[in-house]
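Q: What follows is a predicted structure for the sequence shown.
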Amino acid sequence: MSTQRAYEDLIGRWKELQLLESCGAVLGWDERTYMPRGGAAHRAEQHALLAGLAHERATATEVGELLSRIEEGDRHFTPDSAPAVNVREIRREYDRRTKLPRSLVEAHAKATTLAEQAWQEAREKSAFGLFRPHFEEVLRLTREVAEALKTGGSAYDALLDRFEPGETSRNLKRVFGALRDELAPLVAAIVDTGREPDASILTRDYPVAKQTAFGVAAAAAIGFDFERGRLDETVHPFCTGIGPGDTRITTRYDRNRFAQAFFGTLHEAGHGLYDQGLDSAHSGTPMADAVSLGIHESQSRMWENFVGRGRAFWTHFFPKARDEFPAALADVSPDAFHFAINHVRPSFIRVEADEATYNLHILLRFALEEALVEGDLAVADVPGAWNERFEKDFSLKPPDDAHGCLQDVHWSAGLIGYFPTYTLGNLYAAQFFESARGDLGDLDGQFAKGEFGPLLGWLRDRIHLQGKRYPAPELVEAVTGKPLGHRALMTHLKARFGPLYGV
Ligand code: ZN
């Protein structure tokens with residue numbers, strides 16, 4: 001069989017696998033939006049069957065044979081060409097899935113199911129002791145996963161690689177350390193000013209139907225295509241790319257919390273723009289897949305924060321908001337509104353954090369989970385280590401573990417190595433945005449006129465249409481000319497909060 005034939009066979013199989021997985025995505029979307037509670041048990045069986053079928057196909061010996069035949073084949077694909085990228089990424093995925101023994105995958109799945117239940121109760125009662133033995137078991141199995149997946153780097157690197165291929169804990173320590181050194185003092189300086197916006201502006205009466213219409217209009221204005229996507233309501237907002245032409249996003253409404261639904265919509269629409277911008281000519285192959293969680297998050301954070309919380313964005317949208325919500329906004333100036341949506345305030349809960357303090361939450365989690373995986377921190381010592389670090393960075397003392405180390409679901413679900421992707425998203429977004437500004441000129445002038453097409457087009461060409469051509473560290477260098485660093489994000493945060501707080 002020629003290399004070309006083997007490649008075509010491999011791609012055919014992979015596209016079928018992606019089709020199968022996209023069926024699971026539809027079921028997952030339905031489960032989180034409209035499925036009645038009574039459907040849970042049957043849905044779990046559907047998921048298990050699909051997951052089993054997908055695993056069989058993804059790890060079939062034929063896939064391994066085809067990969068070997070292509071790799072040792074008579075002709076080689078040009079590096080970074082679509083076939084070369086597809087083969088590289090399918091190999092990565094095949095190795096990842098075949099390296100893990102089935103017994104370990106099953107033990108891990110069972111342990112995390114139990115741990116999530118224990119975590120929920122532990123968080124409700126703020127009793128770390130209830131979660132501790134489960135967390136120890138999840139950590140033990142996750143370290144086994146790391147050992148099985150390891151290819152030279154540290155155990156933590158192997159876990160990180162599942163979400164952010166090519167990134168290393170060593171590099172993260174460097175960049176996150178530099179970020180923390182400048183960010184913690186900036187937050188402290190902001191707090192010291194004692195200045196506060198009138199945040200009550202955002203908790204006035206915002207009828208939900210009008211919030212929906214306003215959010216849909218804003219998502220459409222930045223380029224989200226409602227012919228090829230839709231927006232629904234859920235408790236926990238998410239975005240799922242079901243396939244070409246079908247991207248689903250969700251948000252959550254509260255009549256007295258305008259910012260929650262609106263910025264949630266912009267955030268998920270940012271994820272959705274990435275999925276809608278993937279190259280349909282390569283659908284079902286890695287060339288039409290997102291690079292990493294961090295790069296995906298860079299797109300959502302860019303539209304939510306860099307664009308959506310900017311003064312220029314509201315030059316365009318504030319008059320419309322005032323028309324839509326006259327009772328809430330008639331007596332509010334655009335500047336007062338802009339200050340309110342950029343309120344910096346150290347707080348205990350990550351998901352409620354503002355754009356500046358958010359990263360300090362992530363840096364803390366990264367430091368702790370890295371130490372856990374490398375054996376430098378025991379699970380029993382997590383609450384103490386958490387509180388000590390939290391006081392250092394936030395000058396606040398968590399009142400209990402529910403407001404501290406028990407607040408996030410990730411560790412119970414075995415998602416260790418996942419947290420860094422949130423801050424990576426912010427760092428990437430800052431570098432991309434800085435480069436886009438360099439290339440496109442007066443972005444603020446464009447936003448003020450409601451023109452978002454130039455920025456979206458820039459992102460499409462350089463990021464969305466590239467699929468997995470470059471791993472994130474290479475993509476960032478290719479697009480911005482610089483490796484990952486903290487400088488662009490700090491410049492952005494200082495430019496945003498300096499004028500508002502006089503720091
Ligand atoms: Zn996100």
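A: Now that the structure is in, tell me what you want to look at. Source: prediction; values computed, not measured.
Q: need the helices for the stretch 151-300 of the chain, in chain order.
A: Under the criterion DSSP state H, counting those that start in this stretch, the stretch 151-300 of the chain contains helices at 155-160, 169-193, 208-222, 258-277, 293-301.
Q: Mean confidence (pLDDT) on the first one, please.
A: Predicted confidence along helix 155-160 averages 97 (mean pLDDT).
Q: what separates that helix from the chain centre, distance-wise?
A: With CA atoms, centre = their mean, to the nearest Å as the basis, helix 155-160 stands 18 Å off its chain's centre.
Q: In terms of secondary structure, what does that helix contact?
A: Helix 155-160 sits against helix 128-149, helix 169-193, helix 358-373, with contacts defined as 3 or more CB pairs under 8 Å, 6 or more residues apart in numbering; DSSP states H and E. All C-beta atoms are positioned from the backbone trio N, CA, C, and that covers glycine.
Q: In the lengthiest helix in the chain, which residues are buried?
A: Longest helix in the chain, counting residues (DSSP state H): helix 3-33. Neighbour-count burial for helix 3-33, counted by 16 or more other CB atoms under 10 Å, picks out 3, 6-7, 9-11, 13-14, 17-18, 20-22, 24-25, 28-29, 32.
Q: Quick check: what element follows it along the chain?
A: The helix or strand immediately downstream of helix 3-33 is helix 40-58, counting by DSSP states H and E.
Q: list the helices and strands the following helix or strand past that next one packs on?
A: Downstream of helix 40-58, the first helix or strand assigned by DSSP H and E is helix 61-71. Here helix 61-71 touches helix 3-33, helix 82-99, going by 3+ CB pairs under 8 Å, 6+ apart.
Q: Redo the ones you listed as CSV? Include mean pLDDT and distance to residue 179.
A: Below are the helices and strands packed on helix 61-71 laid out as CSV (pLDDT from 0 to 100; distance: least, CB to CB, whole Å):
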stretch, mean pLDDT, distance to residue 179
helix 3-33, 96, 33
helix 82-99, 96, 29
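Q: Of the ones you listed, which is nearest residue 127?
A: With CB to CB, the closest approach to residue 127 among the helices and strands packed on helix 61-71 belongs to helix 3-33: 28.2 Å.
Q: and that closest one with helix 82-99, angle?
A: 60 degrees (axes from the mean of the first three to the mean of the last three CA atoms, to 10 degrees).
Q: now residue 9: how far from residue 125?
A: 55 Å (CB to CB, to the nearest Å).
Q: typed the wrong thing, it's residue 223
A: Distance, residue 223 to residue 125, by CB to CB: 45 Å.
Q: Looking at those two, which one has more neighbours?
A: Set residue 223 next to residue 125 and count neighbours by other CB atoms under 10 Å: residue 223 wins out with 20 against 15.
Q: got the contact list for the more buried one?
A: 273, 452, 453, 456 (CB atoms under 8 Å, 6 or more residues apart in numbering).
Q: again, but for residue 485
A: Neighbouring residues of residue 485 by CB under 8 Å, 6+ apart: 175, 178, 427, 431.
Q: now do 10 Å
A: Residues near residue 485 by CB atoms under 10 Å, 6 or more residues apart in numbering: 174, 175, 178, 179, 427, 430, 431, 476.
Q: What confidence value was assigned to the one residue sitting closest to the centre of the chain?
A: In the chain, the residue lying closest to the centroid (CA atoms, centre = their mean) is residue 297, at 3.8 Å. Note for residue 297: predicted pLDDT of 98.
Q: Can you give me the neighbour number for the closest residue to it other than its chain neighbours?
A: Nearest non-adjacent residue to residue 297, counting by CB to CB, 6 or more residues apart in numbering: residue 425, 2.6 Å away. Residue 425 sits with 24 neighbouring residues when counted by other CB under 10 Å.
Q: Equivalent analysis for residue 270, please.
A: 31.
Q: measure residue 225 to residue 290 for me?
A: For residue 225 relative to residue 290 (CB to CB), the value is 17 Å.
Q: Tell me which of those two has more neighbours.
A: Shown here are residue 225 and residue 290; by other CB under 10 Å, residue 290 has more neighbours (19 against 14).
Q: Check which helix or strand residue 342 maps to.
A: Under DSSP H and E, no helix or strand contains residue 342.
Q: Just after whichever strand or helix holds residue 424, pick out the following helix or strand.
A: Per DSSP H and E, residue 424 falls inside helix 420-440. Going down the chain from helix 420-440, the next helix or strand is helix 443-448, by DSSP H and E.
Q: my read: residue 146 touches residue 161, true?
A: Yes. With contacts counted by CB atoms under 10 Å, residue 146 reaches residue 161, the gap being 9.4 Å.
Q: now residue 17: how far from residue 41?
A: Residue 17 is 26 Å from residue 41, where distance means CB to CB.
Q: Could I get the CA-only coordinates of stretch 415-428 as CSV?
A: Taking C-alpha atoms only, stretch 415-428 is exported to CSV below (Å, rounded to 0.1, in the frame of the first residue of the first chain):
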residue,chain,number,x,y,z
LEU,A,415,-8.6,17.4,36.0
ILE,A,416,-5.1,18.1,37.2
GLY,A,417,-3.1,20.2,34.8
TYR,A,418,-6.2,22.0,33.6
PHE,A,419,-6.2,25.2,35.7
PRO,A,420,-3.1,26.8,34.0
THR,A,421,-5.0,26.9,30.7
TYR,A,422,-7.2,29.7,32.1
THR,A,423,-4.3,32.0,32.7
LEU,A,424,-2.6,30.9,29.5
GLY,A,425,-5.8,32.0,27.8
ASN,A,426,-5.3,35.5,29.2
LEU,A,427,-1.6,35.6,28.4
TYR,A,428,-2.2,34.4,24.8
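Q: Can you spell out which helices and strands pack onto the longest helix of the chain?
A: Judged by 3 or more CB pairs under 10 Å, 6 or more residues apart in numbering; DSSP states H and E, the packing partners of helix 3-33 are helix 40-58, helix 61-71, helix 82-99, strand 229-233, strand 239-243, strand 246-251.
Q: so it versus strand 229-233, what angle?
A: Angle, helix 3-33 to strand 229-233, by the same axes, to 10 degrees: 30 degrees.
Q: nearest spatial neighbour of the residue of the chain most remote from its centre, skipping sequence neighbours?
A: For the chain, the largest distance from the centre (CA atoms, centre = their mean) belongs to residue 1, which lies 41.2 Å off. Spatially, and ignoring its direct neighbours in sequence, residue 1 is nearest to residue 69 (6.4 Å; CB to CB, 6+ apart).
Q: again with residue 358
A: The shortest distance from residue 358 to any non-neighbouring residue, by CB to CB, 6+ apart, is to residue 350 (7.0 Å).
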